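J.: sequence? don't have it. structure:
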């Protein structure tokens, strides 16, 4: 995999000067075994005072405080990463978890906690019923089961990009038969949770080197996918939008229990009720060579 430069620019426009409340920024790529962060910078206009912290999942959070009023807000994030995730990953799953169903050991079960619990109402257990349709027999191969659920979402649902904020409830996605990457990620996570797996949402960026991946029309875009905890292998990445497993072409920024907690920029303003005009988001994910990376 190449080194990547990620440029994420968000512009808010207002009819008049407004007071900007503190904003929460989740834009810094998340370092790990398959991703090395070479550089990252956030700039804003008007200029903000930034303070950094980490949330309960270890995600980097910048809190931006704006001392001046303005009729616009620009948040510009630029990062360079070295992504080494394989397109054909091999996982060393613990012997007791190779076949489903299995039980997490007590420590894992305790630590996974709410990540094993469905976050959306499903009184009639429709997701569990749908999920059991992928269980060929009992026991069944754990990794094959997870791949089949991801593939089942990709093949039975139509992808539709949605610019508006928010995410469909998983039962709505099942009923409608279409959704965005956010909707597919939530459906996958809630489905595997209904089977007893610990799973979490991931938000970040999608690299589209050949223009063939779903969820991006350019060289890259913001994206959402999922991770499932499988003993021995750890957190395994699944992208149901693109029928893929593993972190190739994916740059994680945040992992969360609930996708509502993974908004890249959140905040408010004080001004007239009709002061807000528009929001524009531009994302570019480009491959660069080592010489270009050294100059950044």
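T.: Right, received. Where do you want to start? Keep in mind the model is a prediction, meaning the values are calculated, not measured. Numbering: from 1, shown residues only.

J.: residue 100 and residue 112, how far apart?
T.: Per Cβ to Cβ, to the nearest Å, residue 100 is found 16 Å from residue 112. C-beta: built from backbone N, CA, C; applies to glycine.

J.: quick check, residue 182 in contact with residue 224.
T.: Yes: taking contacts as Cβ atoms under 8 Å, residue 182 lies within contact range of residue 224: 4.5 Å.

J.: joint contacts of these two?
T.: Counting by Cβ atoms under 8 Å, 6 or more residues apart in numbering, the contacts common to residue 182 and residue 224 are residue 259.

J.: so which strand or helix has the one residue sitting closest to the centre of the chain?
T.: In the chain, the residue lying closest to the centroid (Cα atoms, centre = their mean) is residue 203, at 1.7 Å. Using DSSP states H and E, residue 203 sits within strand 198-207.

J.: quote the end-to-end distance of stretch 172-189.
T.: Start-to-end span of stretch 172-189 (Cα to Cα, to the nearest Å) is 15 Å.

J.: quick one: which of residue 100 and residue 112 has more around it?
T.: residue 100 (19 against 16; other Cβ atoms under 10 Å).

J.: ok, that one - contacts?
T.: Contacts for residue 100 (Cβ under 8 Å, 6+ apart) come out as 135, 139-142, 145, 195.

J.: now, which of those lie within strands?
T.: If you go by DSSP state E, the contacts of residue 100 have 140-141 in strands.

J.: among the contacts of residue 100, who's most crowded?
T.: residue 142 leads the contacts of residue 100 on contacts (other Cβ under 10 Å) with 23 neighbours.

J.: so residue 20 touches residue 70, yeah?
T.: Yes: using Cβ under 8 Å, residue 20 is in contact with residue 70, at 6.7 Å.

J.: which of the two has more residues huddled nearby?
T.: Neighbours were counted for residue 20 and for residue 70 using other Cβ under 10 Å; residue 20 has more, 25 against 18.

J.: for that one, what are its contacts?
T.: Contacts for residue 20 (Cβ under 8 Å, 6+ apart) come out as 46, 66, 69-70, 73, 267, 269.

J.: just name the lowest-scoring one in the contacts of residue 100, pLDDT-wise.
T.: Lowest pLDDT among the contacts of residue 100: residue 135, with 91.

J.: how close does that residue sit to residue 195?
T.: Counting by Cβ to Cβ, the gap from residue 135 to residue 195 is 8 Å.

J.: what do these two both touch?
T.: Common neighbours of residue 135 and residue 195 (Cβ under 8 Å, 6+ apart) are 100, 145.

J.: and for the nearest residue to residue 187 once chain neighbours are set aside, the neighbour number?
T.: Distances taken as Cβ to Cβ, 6 or more residues apart in numbering place residue 170 nearest to residue 187, at 4.4 Å, with adjacent residues excluded. Residues lying near residue 170 (other Cβ under 10 Å) number 28.

J.: do the one 10 residues further on as well
T.: For residue 180, the tally of surrounding residues (other Cβ under 10 Å) stands at 22.

J.: again with residue 102
T.: With other Cβ under 10 Å as criterion, residue 102 counts 18.

J.: quick one on the thing from earlier: wait, the residue nearest to residue 187 touches residue 193, no?
T.: No: contact criterion Cβ under 8 Å: residue 170 and residue 193 do not qualify, at 10.0 Å.

J.: which parts of the stretch 1-150 of the chain are helices?
T.: Here the stretch 1-150 of the chain has its helices, by DSSP state H, counting those that start in this stretch, at 106-112, 126-132, 142-156.

J.: can you redo the ones you listed as a markdown table with distance to residue 258?
T.: As requested, the helices of the stretch 1-150 of the chain are exported to a markdown table (distance: least, Cβ to Cβ, whole Å):
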| stretch | distance to residue 258 |
| --- | --- |
| helix 106-112 | 15 |
| helix 126-132 | 16 |
| helix 142-156 | 19 |
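
J.: which stretch among the ones you listed comes nearest residue 208?
T.: Distance to residue 208, taken as Cβ to Cβ, is lowest for helix 142-156 among the helices of the stretch 1-150 of the chain, at 16.5 Å.
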